[in-house]
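A.B. asks: Curious how this folds, go ahead:
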Amino acid sequence: MLLGYSIYLVRAVVSAMVAVFLLFIRRKYYIHTKYKYAHVGVAVSAILDCLMDIWGCWLIVGGYETFDFHWVWAVVYYIQWTVLGFCAMKLVESKHGFFWFPPLMLWYVIADSIQYRRRIDDVYAGDRSEQLHDLSRMTPFLLCSYFALTLVDLAITDNYKADLFVVCLATVVVVVITVLIFNFQTLGPLDGKVMDPALLEKSGASELGGIEAKVREWENRPDRPYCKEDVSLYNVADQMRVSTRVLSSYINSVKMMNFNTWINGLRVEEIKRLLSDDPDIDYYDLMCSSGFQSRASLCRAVKNNTGRTLSELRRILAKG
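C.D. replies: Numbering: from 1, shown residues only. All right, here's what the predicted structure looks like:
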């Protein structure tokens, strides 16, 4: 019983710390609307967890060895599902509104995560695209995990030892969601712009007049702007003095690829040039010169664009 009391007490303290951290200490870091919703939503969930843990401590002190199913448990979990589901929809920029039916909300989160990844590739390139892909994958996974754990918890309330194990896992999921928010909240749209799918719709042929020359000129610029960090559809379109819709339409319909693939292709060509000039150039210099922020993303881009590993490409170019 002492173990159970200690675990519930620790959980209550952790949940309270998470809530305070989200609502007050890190409040100034609310950068984009979708992360503001996530801050508040996860904080609400943590507060509810804290209250439930305090109740668990009270039951143990009262001598209860089994926590029979109670409608309060179901109501609290239902509220948490709804709140966390809504936050997840905001994170993946879902076009759907608020739903009071968690299974339907979960379905929308999964479906919209797939659409979100496609929009990301039309707007961002390189590491930023990959990191936001991680957000779109982890969000529905963590939400499904929390749903599953709380359902199991409701089913085993007659065994408080098993209940302790499950609720501890649920707390871990909430903490991971909190960490996820802070790892990705600085990766939102640049310059405060919102990723709007309407901006990426197809344009008529007349609107694409002159864009090919501008794209070719941008690709051949001596400063190689595609090798800079944080390349996005927004800043590239601004440099070309065209709208994001026109540039996106040209890349999609004429080059037959998305923005991410286009930029990574240009970066890989730069890597080929660097390897031809100096076959012994190290990974760090390649990363800095080509715009990649990690060795993994560099190697992945080379493999996707050439069908060869970086080591193989290095050997081939070294032979001339």
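A.B. asks: mind listing what's buried in the helix or strand residue 72 falls within?
C.D. replies: According to DSSP states H and E, residue 72 maps onto helix 71-91. Within helix 71-91, the residues that qualify as buried are 73, 76-77, 80-91, counting by 16 or more other C-beta atoms under 10 Å. For glycine as for every other residue, the C-beta is placed from the backbone atoms N, C-alpha and C.
A.B. asks: now stretch 42-57
C.D. replies: So stretch 42-57, judged by 16+ other C-beta under 10 Å, has buried residues 42-50, 52-57.
A.B. asks: Also stretch 272-279?
C.D. replies: By neighbour count on 16+ other C-beta under 10 Å, the buried set for stretch 272-279 is 272, 274, 275.
A.B. asks: what do you get for stretch 127-137?
C.D. replies: 127, 128, 129, 130, 131, 132, 133, 135, 136.
A.B. asks: chain center to the strand or helix carrying residue 182, what's the gap?
C.D. replies: Element membership for residue 182 (DSSP H and E) is helix 160-184. How far helix 160-184 lies from its chain's middle: 18 Å, per C-alpha atoms, centre = their mean, to the nearest Å.
A.B. asks: residue contacts, the spatially most central residue of the chain?
C.D. replies: Among the residues of the chain, residue 135 comes closest to the average C-alpha position under C-alpha atoms, centre = their mean, at 1.5 Å. By C-beta atoms under 8 Å, 6 or more residues apart in numbering, residue 135 lies in contact with 91, 92, 180, 184, 187.
A.B. asks: about what we covered before: show me what the helix holding residue 182 is packed up against.
C.D. replies: Applying 3 or more C-beta pairs under 8 Å, 6 or more residues apart in numbering; DSSP states H and E, we find helix 160-184 packed against helix 2-20, helix 33-61, helix 126-155.
A.B. asks: Could you export these as JSON lines, including distance to residue 294 and mean pLDDT?
C.D. replies: Listed next are the helices and strands packed on helix 160-184 as JSON lines, based on distance: least, C-beta to C-beta, whole Å; pLDDT from 0 to 100:
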{"stretch": "helix 2-20", "distance to residue 294": "29", "mean pLDDT": "83"}
{"stretch": "helix 33-61", "distance to residue 294": "23", "mean pLDDT": "83"}
{"stretch": "helix 126-155", "distance to residue 294": "6", "mean pLDDT": "89"}
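A.B. asks: And those: which comes nearest residue 220?
C.D. replies: With C-beta to C-beta as the measure, helix 126-155 is the member of these nearest residue 220 (19.9 Å).
A.B. asks: how many other residues sit next to residue 210?
C.D. replies: 11 (other C-beta atoms under 10 Å).
A.B. asks: Could you check how far it is from residue 246?
C.D. replies: Per C-beta to C-beta, to the nearest Å, residue 210 is found 9 Å from residue 246.
A.B. asks: How about residue 165?
C.D. replies: Distance from residue 165 to residue 246, by C-beta to C-beta: 56 Å.
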